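Asks: Quick one, what's the 3D model for this:
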Amino acid sequence: MNVDSKESGSGVRIVRVGDERDGQRIDNFLAGQLKGVPKSLIYRLLRTGQVRVNGKRAKPDTRIAEGDDVRIPPVRTAAPGAVGTPAKSQMQRIEDAVIHEDRDFLVLDKPSGVASHGGSGVSFGAIELLRAARPGDTLELAHRLDRDTSGVLVFARKRAALTGLQELIRDGQITKQYLALLCGHPLRSKFEVNAPLRKSTLQGGERMVRVDEAGKPALTAFRVIDGFAEASLAEVTLYTGRTHQIRVHAQHTGHPVAGDEKYGQRDCNQAFRASGLRRLFLHAARFEFTLAGKTYSFSAPLATDLAAVLDALPRRTGSGKGVTGKSVR
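Replies: Numbers count the residues shown, from 1 in each chain. Sure, this is the predicted structure:
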């Protein structure tokens, strides 16, 4: 793991940062050092000045560097009744979802219902489950998927791989494609939505996103690949990575994603529930990029529960068999 650790008589640890953690945020570094400790406690340690880097108080967004000495106070972990180690069945489920691993990346076909990371009432997300299942590995989330969204989720095993991929994401040099079932039938089979998105937090803490000229630029391309009596299956390409981007842009067109309880249409959701849809019909199908001269292309077939919904839907007159067969399942 490339870190050196010394412990004082008071239980305080001084951890020297290795090259694999160079450039990492201190809050993420602490999450790796303090297994089983809730993020809320980690942020409290930072706010109260108990964590120091080279003798100076650290903020959550402080970046550490190779050779830095990080002071970590003693923390009680996994007390009875507290959040500790996840169940073996949870860890096995996430292990079974691994679809690729090499020296730089590990990739999941993330099941719907599993958050990318813990927090907001979620004890264990995919990253916590993987770290618990593989305590000797260095793993960091390279990007995120909504909890209800299934499909390709990429983790970095090396610091250079993480920072390199995140730079590509910031520069829009990756390909991210999803499959979404849209309510109704768009007028065109191919179209783009170029509409800025603004994020806000409601009084209860719920995040909401809306199209707003004061928001951040967001561009999404939709291509209808199959037609059903009351819906259209679309391949969706993201050119930016805003929170809830596909869902809000689909809503903006008047054709929200089926099963979307936050941005969708109640009548549409009720109709598709009769066909077995129990969650958001959104699946991360492909994630592709080139890093250090090597091209990576990760793909995940359409989740079986969503494929079953398509099988149950009546087809649109004249749509033929479509292309849902081998290409999306």
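Asks: Next, the spatially most central residue of the chain: secondary structure please.
Replies: What sits nearest the mean C-alpha location of the chain, by CA atoms, centre = their mean, is residue 144, with 1.8 Å. Of the three states, residue 144 takes coil according to DSSP: H, G, I helix; E, B strand; the rest coil.
Asks: Tell me which residues touch residue 195, please.
Replies: 211, 218, 249, 252 (CB atoms under 8 Å, 6 or more residues apart in numbering). Just so you know, the C-beta spots here come from the backbone N, C-alpha and C atoms, and that holds for glycine as well.
Asks: 10 Å - rerun?
Replies: Residue 195 makes contact with 210-213, 215, 217-220, 245, 248-249, 252-253 under the criterion CB atoms under 10 Å, 6 or more residues apart in numbering.
Asks: What strand or helix carries residue 153?
Replies: Following DSSP states H and E, one finds residue 153 within strand 150-156.
Asks: after that strand comes which helix or strand?
Replies: Next element after strand 150-156 (DSSP H and E): helix 159-170.
Asks: pLDDT weak spots in this protein?
Replies: Low-confidence segments of the chain (pLDDT under 70): 1-10, 76-84, 119-121, 203-205, 318-329.
Asks: Could you look up the SS state of the residue nearest to residue 184 when sequence neighbours are not counted?
Replies: Computed as CB to CB, 6 or more residues apart in numbering, the closest residue to residue 184 that is not its neighbour in sequence is residue 255, at 5.0 Å. When classified by three-state DSSP, residue 255 comes out as coil.
Asks: please begin residue numbering at 32 from this point
Replies: In the new numbering, first residue 32, that becomes residue 286.
Asks: doesn't residue 214 make contact with residue 286?
Replies: Yes. Residue 286 is within contact range of residue 214, at 5.5 Å (criterion: CB atoms under 10 Å).
Asks: Overlap of the contact sets of these two?
Replies: Joint contacts of residue 286 and residue 214 (CB under 10 Å, 6+ apart) are 262-263, 296, 299.
Asks: Sheet partners, orientation included, of the strand or helix carrying residue 317?
Replies: Using DSSP H and E, residue 317 falls within strand 313-322. Strands that pair with strand 313-322, judged by DSSP bridges, come out as strand 181-187 (parallel), strand 206-214 (antiparallel), strand 325-330 (antiparallel).
Asks: Give me the distance between it and the centre of its chain.
Replies: Mean-position distance between strand 313-322 and its chain equals 12 Å (CA atoms, centre = their mean, to the nearest Å).
Asks: go on, stretch 268-280?
Replies: On CA atoms, centre = their mean, the centre of stretch 268-280 falls 13 Å from that of its chain.
Asks: Using PDB, write out every CA atom in it.
Replies: Output in PDB follows, covering the C-alpha atoms of stretch 268-280 (Å, rounded to 0.1, in the frame of the first residue of the first chain):
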ATOM      1  CA  THR A 268     -24.600   9.200 -25.100                       C
ATOM      2  CA  LEU A 269     -23.300  11.600 -22.500                       C
ATOM      3  CA  TYR A 270     -21.000  14.400 -23.500                       C
ATOM      4  CA  THR A 271     -21.000  15.900 -20.100                       C
ATOM      5  CA  GLY A 272     -21.400  14.300 -16.700                       C
ATOM      6  CA  ARG A 273     -23.900  16.300 -14.700                       C
ATOM      7  CA  THR A 274     -25.900  14.900 -11.800                       C
ATOM      8  CA  HIS A 275     -29.100  13.200 -13.100                       C
ATOM      9  CA  GLN A 276     -28.300  14.500 -16.600                       C
ATOM     10  CA  ILE A 277     -30.000  11.800 -18.600                       C
ATOM     11  CA  ARG A 278     -33.100  11.800 -16.400                       C
ATOM     12  CA  VAL A 279     -33.600  15.600 -16.500                       C
ATOM     13  CA  HIS A 280     -32.800  16.000 -20.200                       C
END
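Asks: Buried ones in it, by neighbour count?
Replies: 268-271, 273, 275-280 (16 or more other CB atoms under 10 Å).
Asks: Tell me which stretches of the stretch 32-181 of the chain form helices.
Replies: Counting by DSSP state H, counting those that start in this stretch, one finds helices in the stretch 32-181 of the chain at the ranges 57-64, 70-78, 119-127, 157-164.
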